[in-house]
Each structure stands twice: as structure tokens, then as C-alpha cells.
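Q: Take a look and give me a structure for this.
(chains A, B and C)
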Amino acid sequence: MQSSLFPDPATDHPLLQGLNPEQRRAVTTTRGPLLVLAGAGSGKTRVITHRIAWLIEQERVSPWQILAMTFTNKAAGEMKERVIHTVGEQAKDVWLGTFHKIGVRMLQQMATQAGLRAGFSIYDTDDQVRTISRVMKALNLSDATYKPKQFAQFIDKCKNRLQLPDDPKLLDSVESDFDKKAIAVYAAYEAEMRTADAVDFGDLIMRPTIVLAQNPGLRQNWSNRFRYVLVDEFQDTNAAQFELLKLLTSEHGNLCVVGDDDQSIYSWRGAEVGNILGFPEMFPNTTTIKLERNYRSTGHILAASTAVVSHNRNRHGKVLWTESGEGELLVLHVAQNERDEADWVARTLDQLRTAGTSASQMAVFYRTNAQSRVLEESMRRFRLPYILIGGQRFYERAEVKDALSWLRLLVNPQDSAGWERAIHAPRRGIGDATVELVAQRARARGISLPEAADDLLLLNQAGRSAEKLRTFQNLLRGLRDGIEGLRADTVGAQVLQASGLKAALQADKDPDAQDRLENLGALLAAMAEHADTADDPSLRGFLEQVALVADTDKLGDGAKVSMMTMHSAKGLEFDVAVVVGLEEGILPHANSVAESGDGRSLEEERRLLYVAMTRARKRLFLAHARSRRRFGGPEMQADPSRFLSQIPEERIRVEGGRSSSQSWTQAGSWSQASSWSGSTASRNGSWSQRPQSPGSFPARPRPSAQEEPVFQRGDPDSPYQPGTRVRHASFGGGTILEADGYGSDARLTVRFDTVGVKKLVARFVQVQA
DNA sequence: ATTGCTAGGTTTTTT
DNA sequence: ACCTAGCAAT
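A: Next up is the predicted model:
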């Protein structure tokens, strides 16, 4: 929209300076439903922050009437900072946070209606699983037929869809023994959660949504309070979140959602791409704006990633373009094995650093956290500073969780999961027998574990360990009484002292004990920082933050290479990005290839690669290894990812791939003899060609050839070695015991995890890379 | 009740 | 290779 032709006083507004016409429209279209399809690197965050600023400055909306939802704390923090920078301190009143954080705040304000007390606990996945185990025991389901985790997943799924255990639709959908039992577990679990005054992650969305849905007055109040609602990463919302948004905007319809269907990578967590694909149908008078100009990446990077994702059928379809130059070609490195790959990553990044790129502008992305270990070793060997994002989290360490369970018990005396943990931390001569006694009492009376413990003590039925139990309960009560008005970190220090956690670690001869002690020190430091800086400096506020914040927000401090999974990469950008492990079985992950043959999970894997690739501004490196060790087992051959062949050859340079290892040469493997060994694309035009069909690179690879690798090799090279993990369509996963014969006709003896030993022909199983 | 050992599972991704 | 739950030994 040329401003000269359509003079608009608002065009000159400083907030619109430097925005392109589409971005301006997205900022200034404040009324009604708005869908912004924002391609990777199209200035999405800029649009959102300017839009908030626009609402406040131009349209005179009070900051507290604006609600902005994000998925990660990182995104929320960045956004808040930028809005504050633009409109000043008043921006602090904008409700800006993750869905879960907003959910907590809503629940706190509607605690009564939600049947909760003010100090309710937020259970993490671990607490959830433990609670389910306890429930399973009560229902006599704790044989090994189903694992607590399976039920946990089931419950999450229900909550993502707003289905309570008595939901008629849920009851109708029972198809299997598992479903039936899962619903029973779900119902008992919910009852248990109520006694403990606890909610899980799913509840943080589901509960406020249900309260609003069932309470028209409240719904009106909340919807009138937030006149403008914005959502980032909308492609990752689930059904419950969308419903919450509808309720919150029911009075005015001012809902602005921003997202990119090509970056939808959380369907396994209940996200519905349909929310963004079907948004205009859901809100008939939706304005749709596409942001297709990419400001981030070079031409080669953009073209390569676009080519990959365009193989997906289920998408809106955008055409990203850029005015920046083509830049450097992508580089694909073919490594011998994972260690070789990791060394190459470190060497490459080291060279770039020497050439002047700051390590803080470099990132390495992988599919699974397990891949990080080798990379770490190489980074250390090359003395490259790095920071691991995600993975083993500080707040998930045993000693930290122990301390946190005490703290939780102080805020919420009914916290059963916390009690179950604290009673053994440190060991105090109370064993499983006593805990089981308490659990039975709790079950019988429908009360929490700590209540049941008091109950038993009162009745003198606490068994042999009664006195120890009494001491423990009194200790808790004493601590709780003494903390009124104290700083969170002061309370923390008292707890570490009084609980005996500190003393136990000091006395521990284990060489790791010192580290654990230091972790507890770090916990106190975090509490002190929280007490000094947070909006809600209370202990409760601290615990809430711990529950909702993964400590991945230390990005960019110090000159360190960031290493993370492709999932946590979303929303970030770096000058240099390296994507490793581009192999069948890893990306796409074996589980995504096997399950549900409709290709949806495969498309999600492709989007995952797309997200990773589009993080790069200037240089993009890809790598895969010819063989890889998994589970510490033997090195196993790995095929290059099918996605690699979808990158146009003229945008990428292949390097490495020449064997230095004797064993490889001797094995005479096909990859050795194939085009892979060249440093450039081979004559037939494809550097990812299977040797079985040389010279026939299909522009659109036939799906069958792509999905079903054919192995025609002899024994030494056969993928069907004893010990190899395989998957069968109906028998599930298993391990090869014996293999006889060649290729896909080989006769295998396989021990399946669930159905036992079977003999079958190789073509019916899939090798798990 | 606690410690220490072994077997078996684990590695998809996270708020 | 690593972690854990479950068992035996103390």
C-alpha cells in the first residue's frame, strides 16, 4: 500500500517507520480477527511488539487491557523487553507471558471457582507419573501391563482436548482395554489431585477454560477486561488453548494470531495445525495478512529450506523472498561416524571463530538430546566454549527436586507428591512400609498424604516408625510456622539446614556429593535473585517460576556456541547454524516413520528440519554420519536422510565422505563406491542418490523408493545383524537374535519386546537406525 | 531400613 | 552408555 497514493496520517507514525506495507497493516489492523501468516524471518516479533505499542500509543488502550500469549518464556521475555523499550514502564502492565503462565495467573484469580486454594502446587511430569503410580496401586493396576507414563500421556491428551473423565464423548470412544483402564486411572487421578491441591500442566489451560465456559458472568468479565488478545506461534496451540482464546475474546472478537504452519512442530503435544489452517473459517470476517519477505537469511539458505518444506502437502503455501544476496552455498559434510561428525562441527566452528565470527552467533542443532554428548566432547577437545540449551535441567536434578519438595510443602501443606519425596530426602529411617500405610489411609479417606500421616499419628496407627514420622511432621509444621514474611532465600537456607539435606550431602563420601551441594547453593542463589527482582518475590512466586520456566534463557551471555534440539531452536536465529545427524531414523526419527502411515508425522519431521535450517542468517552447515552408535551398542550403518535429496543440488556443496578408515574400505560398502565419495555432485546430478538405481534421479522421488529402503547387500554389510533393533508393523519393537540369508529375504529370529520370539522374513521389519 | 548390585529399558521432541 | 527400578544382602 503506497502511502503517497493513499495519504494516511498514521503512516508517518514513528512506530511504522521501517516496516514494510504488510507489516504495517498487521500493526494497524486492530479490530476483529486477524490472521498473520508470518514466514520464517519475516519480522514477526517486530510486528507483535509494534502492534502492542501501537495499541497503547496510538489507540490509547490501557496496557492492562492487552493480553499477549507466547509459547516460551524466552519469547515472552524478549517481547516484554522490546515493548518496554518502545513505550516505557507502563508496558509492565500488559499481560504478556506463556500460555501456562497466563493460565496460572487466571487460576490464582479464580481459585475458588476452580476448586483450588491459593497456594496450590503445580506438578511436573515426574510428580504426575508418581501420582499415577500411586493411583494404579489403589486400582490394582500396578502389574506391568501398562506403564504409568502411558496413562500420563492419555490424561494429557484428554486435557488438551478439554475432556474430563466423565466426558460422554470420551466414554464413547473406548475401544480397548487400555482406554477403559486409562479412564478409570484418569478419574482416580483427578480425585487425588484435588486432595493434594495440585494441578498439572494440562490443568493450567483446561481448568481456566472450563471455569470460563461454565460461568458466563466470569467469561464476560475476563473478556471485557482484555480488549485485545495477541497470540504468537499460533500453529502450536492445542484445542484447549484455542477454546480459551475464543472465550477470552467472546465479547469483542479482537483476536490477532501470528504463526507459520510450516513451523508447526508440536503436534505430538496436542498442537492442532488445523487451528491456523482453519482460522478464517472459524472467524468468518478474518483479515489475513501474509508476511513473505524474509529479512534473515541468504538466498541459498532460503531457497534450500523452502525447497525442503515445499514437499509437504498439508500447508497454506507461502512464497518467501529476500533481497539479500545468494550468499555462500550450504555445506553438507559426510562423516564416518558420530564422533567424526562432532569433530568436524567443532573444527568448522573453530575456523569460523578464528575468521572473526563470535561464538555467540553460532549454534548446533540436533534431533535428540542424546546426540549432544559426543558434540560436547568435541567442543571441549577443540576448546570451544559452548552452552547446552535444554537437556538435563537444573531443576530436574534429584537434590534440587528434593529441596523443592520441601519448599512446596511449606506453601501447600497438602502437596502429596512433595511429601512423598521429602520424607525420603534425606533418608530418615522411614521406609516404604510406612509410606504405604499412609497412602492407604489417604486413599480410604480421600485426603492427602500429609493429612493422612497426621491422621494415623492421632490414632496411633502409624506403625513401627510412628515416632520418626511424628518428628518429620512436626519439623514440617515448625518450618511452616516460622517463615511468615521471610525472604524466599532465607526460607530456603532454613529448609536446607533443618531438613538435614545439607548435612546429609556434607557427610556423603560420594565424589559427586560436592557438586550436589553446589547445586543447592545455586538454588539458594536463584531464590535470592528471585526475591530481589521478581514481580512476585514470594516463595510461592519462586516455585511457580520453577515449575514453568525451563532454564534455557541464558542465551547470548558470553561468547559461547549454543547447542540445542531443533525443537528448542524455534524462534531463534544465528549467523552460523549447523544441523547434525541428518540420517534416516534420526531425522526423520524412526518412530515418526513407523507410526501412522498417513505421512503426517513425516511432514512434521520435515518441518522440523525447515525450522532448523531457517535459523541461519549467513552460513548453514549440514552433516550426517555413515554409521552411528546407539545405546552404546555396535556402530550401525545409517542412511542419509531422505530430506537431503530435496535440497536443490546447486545450493549445496558436499564435502568429506572420503574414507580414512580401513574397515570401511575393506567392507566395500555401497556408500563407499557411490557418489558420496565425491566432493561435488556426481554426474547423475544427485549427491544423495542410492547406488541401487544410479543415474535415475527423479525430480519427485517415488514415495515407495523413498520410504522403503531396499537392502541388497551381503552378510558383512547386512543391516540385519544380531542385536539390531527392528520394528514390525504389528509385533512392535524387537531385537534380532539370528539372521540367515541376504537382503530383504533374510530369515530373522527376533525377540519382540511384547510378543516374544518370532521367526520372520526381513522385509516385514524395519531396522531402527 | 538402607545400601549396593544387576537387569532392563532408554532416546523424539517440552510447557 | 547411562539411568532406574527392583532385588539381595546387611
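Q: any idea how far residue A:380 is from residue A:169?
A: 53 Å (CB to CB, to the nearest Å). Backbone N, C-alpha and C define where each C-beta goes, glycine included.
Q: With residue A:535 instead?
A: Residue A:535 is 39 Å from residue A:169, by CB to CB.
Q: Distance across stretch A:638-653, terminal residue to terminal residue?
A: 21 Å (CA to CA, to the nearest Å).
Q: Show me the strands in the stretch 201-350 of chain A, by range?
A: A:228-231, A:255-259, A:287-291, A:330-335 (DSSP state E, counting those that start in this stretch).
Q: Equivalent analysis for the stretch 501-650 of chain A, please.
A: Using DSSP E, counting those that start in this stretch, strands in the stretch 501-650 of chain A cover A:561-565, A:574-579, A:616-625, A:627-629, A:635-637.
Q: Distance from the third one to the middle of the chain?
A: It stands for strand A:616-625. 22 Å (CA atoms, centre = their mean, to the nearest Å).
Q: what packs against the one helix or strand residue A:97 maps to?
A: Using DSSP states H and E, residue A:97 sits in strand A:95-98. If contacts are counted by 3 or more CB pairs under 8 Å, 6 or more residues apart in numbering; DSSP states H and E, strand A:95-98 sits against strand A:66-70, helix A:73-87, helix A:99-109.
Q: Give me the pLDDT for the residue lying closest to residue A:118 once chain neighbours are set aside.
A: Take residue A:118 and drop its neighbours on the chain: the residue closest to it by CB to CB, 6 or more residues apart in numbering is residue A:111, 5.8 Å away. You'll see residue A:111 listed with a pLDDT of 92.
Q: Quick one: residues contacting residue A:111.
A: A:117, A:118, A:120 (CB atoms under 8 Å, 6 or more residues apart in numbering).
Q: got JSON lines for the strands of the stretch 201-350 of chain A, with mean neighbour count too?
A: Listed next are the strands of the stretch 201-350 of chain A as JSON lines, based on neighbours: other CB atoms under 10 Å:
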{"stretch": "strand A:228-231", "mean neighbour count": "24"}
{"stretch": "strand A:255-259", "mean neighbour count": "26"}
{"stretch": "strand A:287-291", "mean neighbour count": "19"}
{"stretch": "strand A:330-335", "mean neighbour count": "23"}
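Q: Tell me which of these lies nearest to DNA strand B.
A: strand A:228-231 (13.4 Å; CB to the nearest atom of the strand).
Q: For the closest one, which strands pair with it and how are they oriented?
A: Next to strand A:228-231 in the sheet, as set by DSSP bridges, lie strand A:66-70 (parallel), strand A:255-259 (parallel).
Q: and DNA strand C, which of the ones you listed is closest to it?
A: strand A:66-70 (30.2 Å).
Q: Can you pull out the low-pLDDT segments for chain A?
A: A:1-11, A:391-392, A:511, A:550-557, A:594-598, A:657-724, A:728-732, A:735, A:737-764, A:768-769 (pLDDT under 70).
Q: In it, where's the longest helix?
A: Ranked by residue count under DSSP state H, the longest helix found in chain A is helix A:513-533.
Q: most neighbours per residue, which of the helices and strands packed on strand A:95-98?
A: strand A:66-70 (a mean of 25; mean count of other CB atoms under 10 Å).
Q: Identify the residues contacting it?
A: A:48, A:52, A:55-56, A:76, A:79, A:94-99, A:102, A:226-233, A:245, A:248.
Q: cool, stretch A:433-443 as well?
A: A:134, A:137-138, A:195, A:416, A:420, A:423, A:447-449, A:451-453, A:455-456, A:461-465, A:468-469.
Q: now do stretch A:337-346
A: A:333, A:335, A:364, A:371, A:374-375, A:377-379, A:381-382, A:384, A:578, A:580-581, A:621, A:623-629, A:635, A:656.
Q: Mind doing that once more with 7 Å?
A: A:333, A:335, A:364, A:374-375, A:377-379, A:381-382, A:384, A:578, A:580, A:623, A:625, A:627-629, A:635, A:656 (CB atoms under 7 Å, 6 or more residues apart in numbering).
Q: Over to stretch A:571-582?
A: Contacts for stretch A:571-582 (CB under 7 Å, 6+ apart): A:41, A:72, A:74-75, A:296, A:341, A:345, A:352, A:357, A:361-367, A:371, A:587, A:612-613, A:615-624, A:640-641, A:643-644.
Q: Now that stretch: buried residues?
A: Buried residues in stretch A:571-582, counted by 16 or more other CB atoms under 10 Å: A:571, A:572, A:573, A:574, A:576, A:577, A:578, A:579, A:580, A:581, A:582.
Q: of the residues you listed, closest to DNA strand C?
A: Closest to DNA strand C, out of all of those and judged by CB to the nearest atom of the strand, is residue A:581, at 16.4 Å.
Q: So which residue is smack in the middle of chain A?
A: residue A:567 (5.9 Å; CA atoms, centre = their mean).
Q: Which single residue in the stretch 301-450 of chain A comes nearest to DNA strand B?
A: Closest point on the stretch 301-450 of chain A to DNA strand B, by CB to the nearest atom of the strand, is residue A:431, at 2.2 Å.
Q: and if you look at the stretch 601-750 of chain A?
A: residue A:631 (4.0 Å).
Q: What is the neighbour count of the closest residue to residue A:766 other than its chain neighbours?
A: The shortest distance from residue A:766 to any non-neighbouring residue, by CB to CB, 6+ apart, is to residue A:727 (4.8 Å). Per other CB atoms under 10 Å, the neighbour tally for residue A:727 reads 20.
Q: Double-check that residue A:727 belongs to a helix.
A: No - under DSSP: H, G, I helix; E, B strand; the rest coil, residue A:727 falls outside any helix and is assigned strand.
Q: so residue A:181 makes contact with residue A:141?
A: Yes - judged on CB atoms under 7 Å, residue A:181 makes contact with residue A:141 at a distance of 6.0 Å.
Q: Return the distance of the closest residue to DNA strand C within chain A relative to residue A:370.
A: Chain A approaches DNA strand C most closely through residue A:632 (2.5 Å), counting by CB to the nearest atom of the strand. Applying CB to CB, the value for residue A:632 to residue A:370 is 11 Å.
Q: Who has more neighbours out of these two?
A: Per other CB under 10 Å, whichever of residue A:632 and residue A:370 has more neighbours is residue A:370, with 13 against 5.
Q: Can you list phi and psi of the more buried one for me?
A: For residue A:370, the backbone dihedrals (degrees, to the nearest 10) come out as phi -60, psi -30.
Q: Quick check: residues of the stretch 251-400 of chain A near DNA strand C?
A: residue A:398 (CB under 7 Å from any atom of the strand).
Q: Spit out the contact partners of residue A:610.
A: A:262, A:305, A:308, A:309 are the contacts of residue A:610 under CB under 7 Å, 6+ apart.
Q: now with 8 Å?
A: Listed by CB under 8 Å, 6+ apart, the contact set of residue A:610 reads A:40, A:262, A:263, A:305, A:308, A:309.
Q: Report the separation between the residue lying closest to it once chain neighbours are set aside and residue A:327.
A: Leaving aside its sequence neighbours, residue A:610 sits nearest to residue A:309 (CB to CB, 6+ apart; 4.0 Å). Relative to residue A:327, residue A:309 is positioned 19 Å away (CB to CB).
Q: Over to residue A:275?
A: 34 Å.
Q: who has more neighbours, those two?
A: Using other CB under 10 Å, the more surrounded residue of residue A:275 and residue A:327 is residue A:275, with 23 against 19.
Q: So that one sits against residue A:235, correct?
A: Yes - the pair residue A:275 / residue A:235 is scored as a contact, 7.3 Å apart, by CB atoms under 8 Å.
Q: burial count for the residue nearest to residue A:610?
A: The burial count for residue A:309: 25, using other CB under 10 Å.
Q: Pretty sure residue A:143 sits in a helix.
A: No - using three-state DSSP, the assignment for residue A:143 is coil, not a helix.
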